[in-house]
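**Student:** whatever this is, show me its structure:
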Amino acid sequence: MEIRPTTDQDREVFVDTILAAFGRLRESPAEGAGLLWSAYEMDRNLLAVAADGRPVGTAGAYSFELTLPGGALVPVTGVTGVCVLPSHRRQGVLSAMMRHQLAALRARGEFLSVLLASEALIYGRFGYGPATYTRRLTVPRHRAALARPRARAGADAPATGSVEVLRRAECGGILEEVYDRYRRAQPGALSRPHRWWALGAGQPPVSPAPRYVAVHRDAEGVPDGYASYSLGESDTLTVDETIAIDDAVSSALARFVLVHDLVDQVVFKHFPPDHPLRWQLADFNASQLSGDTDWLWVRLLDVPGALTARGWFTDGELVLDVDDPFLGERDRYLLTVRNGKADCVPTEREPDLSLDVRDLGSVYLGGTAPSTLVRAGHIRAHRPGAPALADALFRAERSPHCLQWF
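**Tutor:** Sure thing, here's the model as predicted:
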């Protein structure tokens, strides 16, 4: 078997191999989904070819920026299109492609890669750990009243800004601009390159599927938030995503969709773990959470490079014994944090925590508490205070959240 990089001439073969691996036939995109493969970067993809020349597996890579805790924007590879034909599974093809890809990413000088896992059991063994989470929130229209905001300094805060309803085809540039402002301040968010918007590669509102968009503008008329939505069966208004520069804009957009006429319920598809909307409802029990799931998985390729790139919000030091069984590596690092910056160097000191690289990926963005993984038996603590210190060190300024689908 040979694993080789692809070129533009391989695009059709690459796509057909993916479709065959998943048992799907080539057809028009489903309503609401753009042609994802139109954004493939063919100079970054891999094709596994059997001895007889037939393609049997694929592994793709997108170029993104990831926002880290503390606001750093770093290049990151989004792994995608990973599959093996049913006839060649459990023969080492997948492991060979993943090992080849990780080596190529390291050669590019990258210290992180990310993916969306179709099956949670697959990618942990390659060193990826779930790092951001998402869920749905459903609010019945007849119970959607928001509580009256508390007075500030003796009076209600004055309402500012306005909401305008546009069609998706009318506001592509606005969506791209507002999303880019948002993702630069949101830990765990990925960039959406211009070519994705131009090609409509992705799910709404990136794709040009018909949608209404509630665009929020500030007092000067500058767009600072939007909610992409559609009204479907059973009089359900579904919000694809809500993007807001701050909580006030988020509240204004939530209020807008929750009072929509001729609607029985409102469903927010991607609801962040720490979103305040449930607390803003007059009836706290009115909403229902469902579909709690992992989203972005993170893999560290260079532990010192990754740990020194993000921001930190507590001083302290930890010795981390990090095992990377897939790559056959095990190293011990002294992590020292002072004034928001980290230093990470090899050490022979006794470890405070022993962990797999996949668990380091899970805690890296601050969305999973190290103490939770200690209690789950994933991380081993060698002294009583280590889990609490790790929780304080690895926390982020806000819960990480990712909306980009790839």
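**Student:** could you pull out the strands for the stretch 201-350 of the chain?
**Tutor:** Per DSSP state E, counting those that start in this stretch, the stretch 201-350 of the chain carries strands over the ranges 212-217, 223-231, 236-244, 265-271, 288-294, 296-300, 316-324, 329-338, 341-346.
**Student:** in the last one, what counts as buried?
**Tutor:** Meaning strand 341-346. Residues A342, C344 are the ones in strand 341-346 that count as buried (16 or more other Cβ atoms under 10 Å). All C-beta atoms are positioned from the backbone trio N, CA, C, and that covers glycine.
**Student:** packing partners for that strand?
**Tutor:** Judged by 3 or more Cβ pairs under 8 Å, 6 or more residues apart in numbering; DSSP states H and E, the packing partners of strand 341-346 are helix 303-309, strand 329-338.
**Student:** between that strand and strand 329-338, how many degrees?
**Tutor:** Orientation of strand 341-346 against strand 329-338 (axes from the mean of the first three to the mean of the last three Cα atoms, to 10 degrees) gives an angle of 150 degrees.
**Student:** kindly report the same for the fourth one.
**Tutor:** For the pair strand 265-271 and strand 329-338, the angle between their directions (the same axes, to 10 degrees) equals 100 degrees.
**Student:** so S251 makes contact with Q280?
**Tutor:** Yes. Between S251 and Q280 there is a contact at 6.4 Å, judged by Cβ atoms under 8 Å.
**Student:** tally of neighbours for the closest residue to V249 other than its chain neighbours?
**Tutor:** Nearest residue to V249, sequence neighbours excluded (Cβ to Cβ, 6 or more residues apart in numbering): G225, at 3.8 Å. When neighbours are defined as other Cβ atoms under 10 Å, G225 has 25 of them.
**Student:** how about W279?
**Tutor:** Here the count is done by other Cβ under 10 Å, and W279 has 8 residues near it.
**Student:** A254 versus that one, what's the distance?
**Tutor:** Noted for W279: a distance of 12 Å to A254, by Cβ to Cβ, to the nearest Å.
**Student:** what angle do the biggest helix by length in the chain and strand 316-324 make?
**Tutor:** With secondary structure taken from DSSP state H, the chain has its longest helix at helix 93-107. Put simply, helix 93-107 runs at 140 degrees to strand 316-324, going by the same axes, to 10 degrees.
**Student:** next, the buried residues of helix 93-107.
**Tutor:** Using 16+ other Cβ under 10 Å as the test for burial, helix 93-107 gives V93, L94, A96, M97, M98, R99, H100, Q101, L102, A104, L105.
**Student:** what is that helix packed up against?
**Tutor:** Helix 93-107 sits against strand 2-5, strand 46-49, strand 55-67, strand 73-84, with contacts defined as 3+ Cβ pairs under 8 Å, 6+ apart.
**Student:** and it, how far from the chain's centre?
**Tutor:** Computed by Cα atoms, centre = their mean, to the nearest Å, the chain-centroid distance of helix 93-107 equals 22 Å.
**Student:** ok, stretch 308-327 next?
**Tutor:** Counting by Cα atoms, centre = their mean, stretch 308-327 is centred 21 Å from the centre of its parent chain.
**Student:** ends of that stretch, what's the gap?
**Tutor:** Its first and final residues considered, stretch 308-327 spans 22 Å by Cα to Cα, to the nearest Å.
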